[in-house]
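In: what follows is a predicted protein model with its sequence.
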Amino acid sequence: MRRAAFAYESDEAGSELAALADAAREASERAGAAIDDALAFIEASNQRIAAMETKAARRRARKAA
């Protein structure tokens with residue numbers, strides 16, 4: 001009985017696995033896009049911070065001179 005249970009495959013198993021694989025692929029694509037968006041935002045933020053730090057360093061250099 002156990003062998004029969006393990007050997008049984010329904011007709012829908014293949015299509016269900018394909019649907020699951022498609023859903024997983026779509027989810028990973030959405031996650032990848034979200035990561036790319038977050039990295040772009042972080043890079044833009046880092047550039048703004050670097051510009052502010054450069055500006056502050058110039059002000060400190062002028063005051064010291």
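Out: That came through fine.
In: what mean pLDDT does the one helix or strand Ala40 maps to get?
Out: Per DSSP states H and E, Ala40 falls inside helix 13-64. What helix 13-64 shows for mean pLDDT is 95.
In: list the helices and strands that helix packs on?
Out: Helices and strands touching helix 13-64, by 3 or more C-beta pairs under 8 Å, 6 or more residues apart in numbering; DSSP states H and E: there are none. Just so you know, the C-beta spots here come from the backbone N, C-alpha and C atoms, and that holds for glycine as well.
In: distance from the chain centre to that helix, please.
Out: Between the centre of helix 13-64 and the centre of its chain there are 8 Å (C-alpha atoms, centre = their mean, to the nearest Å).
In: ok, stretch 53-65 next?
Out: In terms of C-alpha atoms, centre = their mean, the centre of stretch 53-65 is found 38 Å from the chain centre.
In: so which residue is dead centre in the chain?
Out: Closest to where the C-alpha atoms of the chain average out (C-alpha atoms, centre = their mean) is Ile35, at 2.8 Å.
In: tell me how far it lies from Glu29.
Out: Distance of Ile35 to Glu29, given as C-beta to C-beta, to the nearest Å: 11 Å.
In: burial count for Ala18?
Out: Using other C-beta atoms under 10 Å, Ala18 is surrounded by 10 other residues.
In: so how far is Ala31 from it?
Out: 20 Å.
In: same check on Ser45?
Out: Per C-beta to C-beta, Ser45 is found 21 Å from Ala31.
In: how about Ala44?
Out: Separation of Ala44 from Ala31 (C-beta to C-beta) stands at 21 Å.
In: same check on Lys63?
Out: From Lys63 over to Ala31 the distance is 48 Å, taken as C-beta to C-beta.
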